[in-house]
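Asker: Structure of the sequence below:
(2 chains)
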Amino acid sequence: MFETKPNNEIRIGFYVCHCGHNIADTVDVKEVAKYVATLPGVIISREYKYMCSDPGQELIQNDIKEHNLNRIVVASCSPLLHEHTFRNATEKGGLNPFYFHMVNIRENVSWVHEDKKEATIKAMDLARAAIKRVFFHKKLETKKVDIHPDVLIVGGGIAGIHAALTLANAGKKVYLVEREPTIGGHMAKFDKTFPTLDCAACILTPKMSAVKNHPNITLWTYSEVTKVEGFVGNYKATIERKPRYINEDLCVGCIACIDECVYKEGKYPDEFNMGLSKRKPIYIPFPQATPQVVVIDPETCIYLKTGKCKKTCVEACDRNAVVLDQKPEIKEINIGTIIIATGYQFFDPSRITYYGYGKYQNVYTGLEIERLVNASGPTGGEVIMRDGRRPKSIGIIHCVGSRDVNTHLWCSRLCCMYAVKLAHLLKEHTGAEVYNFYIDMRTAGKGYEEFYDKVLKEGVHFIRGRVAEVTDWASTKDEEGKLIMRVEDTLIGVVRRVPVDMVVLICGVEPKEDAQDVRRIFNISCSTEGFFMERHPKLAPVDTFTDGIFIAGACQGPKDIPDSVAQAGAAAAQCMALIDCGSVELEPNTAYIVEEECSGCKSCIQLCPYTAISFNDEKKKAYINEALCKGCGTCVASCPSGSIRQNLFENEEIFSEIEGLLSPAFEYTKEN
Amino acid sequence: MENRNNFEPKIVAFFCNWCTYTAADLAGVSRLKHAPNVRIIRVMCSGRVDPQFVLDAFAKGADGVLIGGCHPGDCHYIEGNYKALRRSELLKRMLKEFGIEEDRFRLEWISASEGEKVRVVVNDMTEKIRKLGPLALNKKFVEWDKEMDELEHAINQNMEVQHA
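Answerer: Alright, predicted model coming up:
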């Protein structure tokens, strides 16, 4: 059906990789190499232990020169992993890198099949398809695009803050967008940090004010990214700045307006203190909030809800900063790279009804305790329970919403440590008996096990067992008025009832509620559990499948502060690598039109999501703007006259692949 | 005809680079064992899959064709998967006319995180086609060509008789 007769003689070099045992244990690589050697066009066919190693790549380079090869096929792992490696080797050997094609016989074959015969036949089929395909490969030039030097960072928790400062200190211009009225994220709510017990605010707030004051950082709080277009080096983001009903440039944070609000006392749950205190409709989230700008909550402000109020706040401000008719503001920015650091949320413990959160008032979450023991918290650091008493005994339940088939399967990784930290802080503040109920203690990290040891020596009790129930149903006089924790102590093999005054639930870490929406905006993927997916779990932990977009912190998976900071630094370095390089090479997989064959039917034009196709009225032909084309190939598949082609995915290439796959299989008889 | 008990279906799959191909990689990394009957061709987007590819695969001897793309709303290229869906609906009707059973052609949305779904879909499709038996359209072409020749021959003879 399609004929493009290659001009010169095709000379193919074929290489099949053992990948140690990974491939060779399931695929008979020797037989594959032997078989491929018999296919037309194949000049040399080899098997090698590790094709991606230096000697493996040199093998290709030397063969190209020695045997005058003009096509290279490597059967090894996924092209998503090593296509680039082998293209480089091909280029170093003196060939255009696009004369290379890769066959995936690891992820697609050896790792998913057990039967050696079937796996070997499949590997041979795939290799044969590639051999047929490369006949039609042609020389292609990569397109270089400039990298816009500005960076967008989404999320102002510790990861976003650290990445922003790293980039800004390197002289890069950064936009930091945060959804909440202040930056700081979860870390700002913590009292002390494990294992060193330095106060979270003391180490975080200097960084927060550094962000605010840095000339290279544009900080937009109370704002959300609503749209992202473009590609690596050339992204365009739309950001909606929600109205905070305060002119941010005029407000100095004197809080005169808050004092003068018609509400004399706080009336609504204070989000920063986890609802343990009350705030007014006009408020500053916490004393060190950055920026120090008041915000008015439209859900609770009488004026914004009903239009009727004395507006004492407006009068109170001598700078006229209160703007009750403020509208959302839309900002459009051009950036080259993006770091997503949107963080996590804690598991909602009311989902596990038998722990009684929301039912018994003295059952708390870990984050509530962080506020309760904090000197600037709702009780000024005194541990006073919701019923006004001070606890004499406290039970801490680990793994709430972690390592549980009914909720989340994964270990949230940081909970053991924050449970131990809270045990220490509660003991310090109250002198109470503290019981930790754990499944396994996981204290891997520098100084972590030592910290656990220290807390053990302080006299905190650790009971190994998953708590079955928290109840107020007393069975003895001692248990009356207490919360009874029913648990099997698995170390002594006894079912126990432990009566306590206060229960603390150490909730696990889960993806943010709207992680899927965020993922769509940025065109990245999520892993099975819903955290953002990295390009490679080991070798590209901050990259995503979308070039120029990086992830940092707990949005990628549960992470403590040191790990989030390390990852944020890595993401910043990745951005800098792109920016300082100045340009990036794009995959030359764009579509093009063979003008003589175009009938001018215009059916392709409305198909292109990037408006890359226009119509030349004089010539009555369609035209594709290569700079706008992203290479999806949708127009190619729908052109009725077949006049649109796609580089790297030409019709001939795919038809020959199909033919190669379905040619009579090699009679492979060697038994397993 | 091949013995149905020994029949191993040959399935050609077109997986989009961003979701389903990545999911297949994930299935590999997770060592999710599945039927070895599917041969994957990587394309950038399910929207690139020309219905001719599907027809060509059947014509050249595939017993089934599978297209894998991103879930609706998740397409890396905004809406290429919708184009694939639209085309596949039309294609399904056409395949029916050819006498190609419904289970032999499938369009699935498999996201990058759904390695398990790759396994389930591949196994399920293989099983269903195993039950249907070989399609062997390429062999049928020979038969059909023969029938056409005979028909032509008969018509010619008939005309000769009339002329005579």
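Asker: Looking at residue A:273 now. What's its pLDDT?
Answerer: As summarised for this prediction, residue A:273 has a pLDDT of 95.
Asker: and it, what helix or strand is that in?
Answerer: Using DSSP states H and E, residue A:273 maps to neither a helix nor a strand.
Asker: who's in contact with residue A:355?
Answerer: Going by C-beta atoms under 8 Å, 6 or more residues apart in numbering or on different chains, residue A:355 touches A:349, A:363, A:397, A:400, A:467, A:469-470, A:503, A:505. Quick note: C-beta positions are derived from backbone N, CA and C, even for glycine.
Asker: what about 6 Å?
Answerer: Residues in contact with residue A:355 (C-beta atoms under 6 Å, 6 or more residues apart in numbering or on different chains) are A:349, A:470, A:505.
Asker: Next one, pLDDT for the closest residue to it other than its chain neighbours please.
Answerer: Leaving out its chain neighbours, the residue that sits closest to residue A:355 by C-beta to C-beta, 6 or more residues apart in numbering or on different chains is residue A:470, at 5.1 Å. The model reports residue A:470 with a pLDDT of 97.
Asker: SS state for residue A:470?
Answerer: Classification of residue A:470 using DSSP: H, G, I helix; E, B strand; the rest coil returns strand.
Asker: What distance do you get for it to chain B?
Answerer: Relative to chain B, residue A:470 is positioned 34 Å away (C-beta to the nearest C-beta, to the nearest Å).
Asker: Looks like that residue contacts residue A:503 (just checking).
Answerer: Yes - in this structure, residue A:470 is within contact of residue A:503 by C-beta atoms under 6 Å, at 5.4 Å.
Asker: overlap in contacts of the two?
Answerer: Shared contacts of residue A:470 and residue A:503 (C-beta under 6 Å, 6+ apart): residue A:483.
Asker: if we can go back for a sec, would you mind naming the residues that bridge with the residue nearest to residue A:355?
Answerer: Judged by DSSP bridges, the bridge partners of residue A:470 are residue A:485.
Asker: tally of neighbours for it?
Answerer: 25 (other C-beta atoms under 10 Å in any protein chain shown).
Asker: Quick one: residues contacting it.
Answerer: A:355-356, A:483, A:485, A:503 are the contacts of residue A:470 under C-beta under 6 Å, 6+ apart.
Asker: just these now: which is nearest chain B?
Answerer: Closest to chain B out of the contacts of residue A:470 is residue A:355 (29.3 Å), distances taken as C-beta to the nearest C-beta.
Asker: And that closest one, how close does it get to residue B:57?
Answerer: Separation of residue A:355 from residue B:57 (C-beta to C-beta, to the nearest Å) stands at 55 Å.
Asker: What of residue A:565?
Answerer: 51 Å.
Asker: does the residue in the stretch 201-350 of chain A that chain B sits nearest to sit in a helix or strand, and which one?
Answerer: The minimum distance from the stretch 201-350 of chain A to chain B, using C-beta to the nearest C-beta, falls at residue A:229 (9.7 Å). Element membership for residue A:229, per DSSP H and E: strand A:223-231.
Asker: Over that strand, what's the mean pLDDT, rounded is fine.
Answerer: On average, strand A:223-231 scores 94.
Asker: just stretch B:71-87 next, same as before
Answerer: 92.
Asker: low pLDDT regions in the chain?
Answerer: Just so you know, I chose chain A. A:1-8, A:666-672 (pLDDT under 70).
Asker: should've been chain B
Answerer: If you take pLDDT under 70 as the line, chain B has these spans: B:1-5.
Asker: For it, what lies in contact range of chain A?
Answerer: Residues of chain B found near chain A (C-beta under 6 Å from any C-beta of the partner chain) are B:12, B:25, B:27-28, B:31, B:33-34, B:36, B:39-41, B:44-45, B:47-48, B:50, B:53, B:56-57, B:60-62, B:76-80, B:83, B:112-113.
Asker: follow-up on the earlier one: name the helices or strands packed onto the strand holding residue A:229?
Answerer: Applying 3 or more C-beta pairs under 6 Å, 6 or more residues apart in numbering or on different chains; DSSP states H and E, one finds that strand A:223-231 contacts strand A:234-241.
Asker: Which strand residues bridge the closest residue to the residue of the stretch 201-350 of chain A closest to chain B other than its chain neighbours?
Answerer: Counting by C-beta to C-beta, 6+ apart, residue A:236 is the residue found nearest to residue A:229 once chain neighbours are left out, at 4.9 Å. Taking DSSP bridges as the rule, residue A:236 bridges to residue A:229, residue A:334.
Asker: Contact partners for residue A:236?
Answerer: Here residue A:236 is in contact with A:229-230, A:334 (C-beta under 6 Å, 6+ apart).
Asker: Would you write out the PyMOL command that picks the buried residues out of the residues you listed?
Answerer: Here is the PyMOL command that selects the buried residues among the contacts of residue A:236 (16 or more other C-beta atoms under 10 Å in any protein chain shown):
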select buried, chain A and resi 230
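Asker: what's the closest of the contacts of residue A:236 to residue A:28?
Answerer: The closest of the contacts of residue A:236 to residue A:28 turns out to be residue A:230 (C-beta to C-beta; 46.6 Å).
Asker: Next up, the contacts around residue A:262.
Answerer: Residue A:262 touches A:310, A:312, counting by C-beta under 6 Å, 6+ apart.
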